[in-house]
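> Make a model of this:
(chains A, B and C)
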Amino acid sequence: MKLKTILAATVAAATLVAGAATAEQVKIGIAAEAYPPFASVDSSGTWVGWEIEVIDAVCAAAKLDCVITPVAWDGIIPSLTGQQIDAIMASMSITEERSKTIDFSNAYYNTPAVIVADKSMNIEPTPESLAGKIIGIQASTIHQAYAQAYFKDSEIRVYQTQDEANQDLYAGRIDATQADSIAMADFVGSDTGSCCEIKGAVANDEAILGKGVGAGTRQGDEALQAALNAGIAAILADGTHEKITARYFNASIYSE
Amino acid sequence: MITFKSFLQPHRIVMMALFGAVVLWCALSLRWDWLPKYAPLALEGLWTTIWIMVVTTVLGFVLAVPIGLAQAIGPWYLAMPARVFCTIIRGTPLLLQIWLLYYGLGSLFPQFPWIRGSELWPYLRQAWPYAVLALTLSYAGYEGEVMRGAFSGVVKGQLEAAKSFGMRRFTMFRRIWLPQAIRNVLPTLGGETILQLKATPLVATITVIDIYAVSSRVRSDTFIVYEPLLLLAVVYMVIAGLITLAFRRFENMVPR
Amino acid sequence: MELTLETLGLAESAQLLSLSAPGWGANLLRGLANSLKIAFGAFGFGVLIGLFGAYGKLYGGPVIRDLLAIYTTVIRAVPELVLILILYYVGTDLINKAAGAMGYGRIEISGVVAGIWVLGIVQGAYSTEVLRGAIKAVPPGQIEAARAFGMPPIMIMWRVTIPAMMSFATPGLANLWLIATKDTALLAIVGFSELTLETRQAASSTRAYFTFFLAAGGLYLMVTLCSGVVFGWIEKWARRGQPSLRGGRG
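Numbers count the residues shown, from 1 in each chain, chains lettered A, B, ... in the order given. The predicted structure is shown next:
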């Protein structure tokens, strides 16, 4: 009898919650932790950045009613498979490993992975040069996979956000960090990043570093995947992609 | 209280059969193929979790004694700071305290260049000293409050008797007051230690690799979500169970 | 201390924390509002679970009692962080699967609701124990008297047991409320925009980690201290007409 009451209450609560839902909205998941200059919160609480503008443009071109939904980065794939979001557009690289779990659209940008370290340090972006050094990387990224595969003689520290790894590089707790070249160019151009410089790109390994950044979708959600592909193709063709890029960066960050 | 016979009631046999079926289902139909590969890492993580818990509990308790004493009988200039300390520790989330100590202090380092030259620098670069400090202070804050009550709870007549014997103040504290206060808090210590165990996964957010961090690593490497989390929950339950048993034995050893 | 303040630059901190546009104060307050919303909901949901749980543990059949014992033991032995992750992923997944099976389509679960559900389940285990203790402390004569008057069980619960146990339950519930406010910080790890996550975003955007974490700490402390005062009043009210046990909460 009591169990029944609890069940009834739960169902009632669930339907209350469900009342607000509208079926046609597409929830685009982004990382809740800031990733400037691609996506970050400004002081008025709104999400801004290159990727946010691209999401808006892609959705407009594909005639999708998108809602940007921040979720924790290291749980973003479970959130997609668990249906809390419908697509991931959070600078996620298209890798073989991820493709076993989710599908990807075509790439909408691609940049190399670089090593950043203190200016005074003589570091090359090679495993030999980084041996014995402490490398900070963000959890659940291609950089973590790469560092674990290649920098076996280095100590690897895993951070929840790239910002925290940058912060520890500035504080001197780590010797180097590996991350995306654009995000790092932004960092070394900032006040705290002035300590450090980009030491160069790591040797490419497409199996780990992937084939550029694409939008992740649930396996089998082919309609959304096709819509996003059409949207990406449209903004690349009509120059919107270029226009947004020009507002943030000096050079193109897309190549076939 | 829990006897073998109490498990033989019919409803319990049915429940245990159901439980066994669930375990069997988990073992057979969930994915555990990642287990052998990550087992060594998991053992290291388990060790980190345990030593952090034990060290911070012991250090925290040692710190809690003077804090409790200061609040119970100290002059106002000792009682006030102790009281403020307990209020602050108990009034703010531990996660925030850990981040304040690690990233907050870290962000101040570059302003004091001599820190990097000091002998402490190799330790300040690591994450575990901050984890140990934060968890120790937290335990001291909560247990300090408990110790205050325990010191006040010692029967005044005993102290007066000791005084009339001509015992010196420190001997009185060591031989009568402290043992009785500890005996007063003994029943709560097991619970407090389990709370401390439950606080340890937070150190994973500042790059300490404990058992929780290992499960996050499995999740991000393999995209398997539930299995590592379920196993993690079981591991924590086993540790909590062992703590309970250990304290029960310990309590029985102490004469009443 | 003075040196720290000087190097931090108090003027700069004040600017960072200001409520209008270049400052991040408004973001922190919005986060605080979300934290309080979740804490309040979770606390309420927890007390509701606790009430059923306590009654089940005291008067339920052997199966219900054993199930409740498992529930409270498991929740109290596993770290909140792990429980939050499990409940968050499993819970929303299950609800969606169940809704799909019943043909409702997908159910949207907002961050606040998910936070309330997750923390509420955790809180429920603790309030079960608090309320069970409180109900047991009610003199059985009062309940027997009500029964002798022929009151139906629900009426006994509303008119006798709950009012009489309030005074025993308040200190425990006050403690649980404080745990609820502090546990909302853990939701930052799952990506809810509550106070701790807003603080983290502000701190990493401005690099002023120290300033923002201190400010957030101040906000949490304020909530704690205010709650202490409010619960002091509630306890006084709940104990009205009863002899005082001690000289009031310190």
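
> The residue most central in space within chain C and residue C:92: what is the separation?
Chain C has residue C:180 as the residue nearest its centroid, 2.8 Å off, counting by Cα atoms, centre = their mean. Applying Cβ to Cβ, to the nearest Å, the value for residue C:180 to residue C:92 is 20 Å. (C-beta placed from N, C-alpha, C; glycine too.)

> ok, now residue B:143?
Applying Cβ to Cβ to residue B:143 and residue C:92 gives a distance of 37 Å.

> Show me which of those two is the more surrounded one.
residue B:143 (28 against 21; other Cβ atoms under 10 Å in any protein chain shown).

> Figure out the helix or strand that the more buried one lives in.
Here residue B:143 sits within helix B:128-152, counting by DSSP states H and E.

> tell me what that helix is packed against?
helix B:35-73, helix B:76-91, helix B:94-99, helix B:178-199 (3 or more Cβ pairs under 8 Å, 6 or more residues apart in numbering or on different chains; DSSP states H and E).

> Most tightly packed of these?
helix B:94-99 (a mean of 24; mean count of other Cβ atoms under 10 Å in any protein chain shown).

> which other residues reach that one?
B:89, B:130-131, B:134-135, B:137-138, B:199, B:202-203, B:205-206, C:182, C:185-186, C:188-189, C:196, C:199-200, C:209, C:213, C:216-217, C:220 (Cβ atoms under 8 Å, 6 or more residues apart in numbering or on different chains).

> which bits of chain B sit near chain A?
Residues of chain B lying close to chain A by Cβ under 8 Å from any Cβ of the partner chain are B:103, B:106-107, B:109-110, B:116, B:124-127, B:205, B:207, B:209, B:213, B:216-217, B:219-221, B:223, B:225.

> looking at chain C, which helix or strand is least sure?
Every helix and strand of chain C was ranked by mean pLDDT, DSSP states H and E. The lowest is helix C:2-8, at a mean of 53.

> Can you list the helices and strands that the next helix or strand after it packs against?
Moving toward the C-terminus from helix C:2-8, the first helix or strand encountered (DSSP H and E) is helix C:10-17. When contacts are defined as 3+ Cβ pairs under 8 Å, 6+ apart, helix C:10-17 packs onto helix C:209-238.

> Centre of the chain to the helix it packs on, how far?
The chain centre lies 13 Å from the centre of helix C:209-238; the measure is Cα atoms, centre = their mean, to the nearest Å.

> Is there contact, residue-wise, from it to chain B?
Yes: Helix C:209-238 lies within reach of chain B by Cβ under 8 Å from any Cβ, at C:209-210, C:213-214, C:216-217, C:220-221, C:223-225.

> Any buried residues in that helix, and which?
C:209-217, C:219-220, C:223-224, C:227, C:231, C:234-235, C:238 (16 or more other Cβ atoms under 10 Å in any protein chain shown).

> cool, stretch C:147-161 as well?
C:151, C:156-157, C:160-161.

> Just the ones of those in helices?
residue C:156 (DSSP state H).

> Select, from the buried residues of stretch C:147-161, the two members most distant in space.
Maximum pairwise distance among the buried residues of stretch C:147-161 (Cβ to Cβ): 10.6 Å, between C:151 and C:161.

> Apart from its chain neighbours, what residue comes closest to the closest residue to chain A within the stretch 1-150 of chain B?
Of all residues in the stretch 1-150 of chain B, the one sitting closest to chain A is residue B:106 (3.9 Å; Cβ to the nearest Cβ). Excluding the flanking residues, the one nearest residue B:106 by Cβ to Cβ, 6 or more residues apart in numbering or on different chains is residue A:171, at 3.9 Å.

> can you tell me which residues contact the one you found?
B:106-107, B:109-110.

> Report the two of those residues separated the most.
For the contacts of residue A:171, and using Cβ to Cβ, no pair is farther apart than B:106 and B:110, which are 9.0 Å apart.

> Neighbour count: these two, which is higher?
Using other Cβ under 10 Å as the criterion, residue B:106 and residue B:110 rank with residue B:106 on top: 24 against 14.

> residue contacts, the more buried one?
Going by Cβ under 8 Å, 6+ apart, residue B:106 touches A:167-168, A:171, A:173, C:209.

> so which helix or strand takes in it?
Going by DSSP H and E, residue B:106 is part of helix B:105-108.

> near chain A too, which of the buried residues of helix C:209-238?
residue C:209.

> picking up where we left off before, could you pick out the buried ones from the residues of chain B next to chain A?
Buried subset of the residues of chain B next to chain A (neighbour count, 16+ other Cβ under 10 Å): B:103, B:106-107, B:109, B:124-125, B:127, B:205, B:207, B:209, B:213, B:216-217, B:219-221, B:223, B:225.

> about what we covered before: the next helix or strand after the helix holding residue B:143 versus helix B:178-199: what angle between them?
Sequence order places helix B:156-164 as the next helix or strand after helix B:128-152, per DSSP H and E. Per axes from the mean of the first three to the mean of the last three Cα atoms, to 10 degrees, the angle that helix B:156-164 makes with helix B:178-199 is 130 degrees.

> Quick one: list the elements packing against helix B:156-164.
Using 3+ Cβ pairs under 8 Å, 6+ apart, helix B:156-164 sits against helix B:169-172.

> got the domain boundaries for chain A?
A:22-110+A:211-248, A:113-209 (automatic domain parsing).

> Sweet, I'm off.
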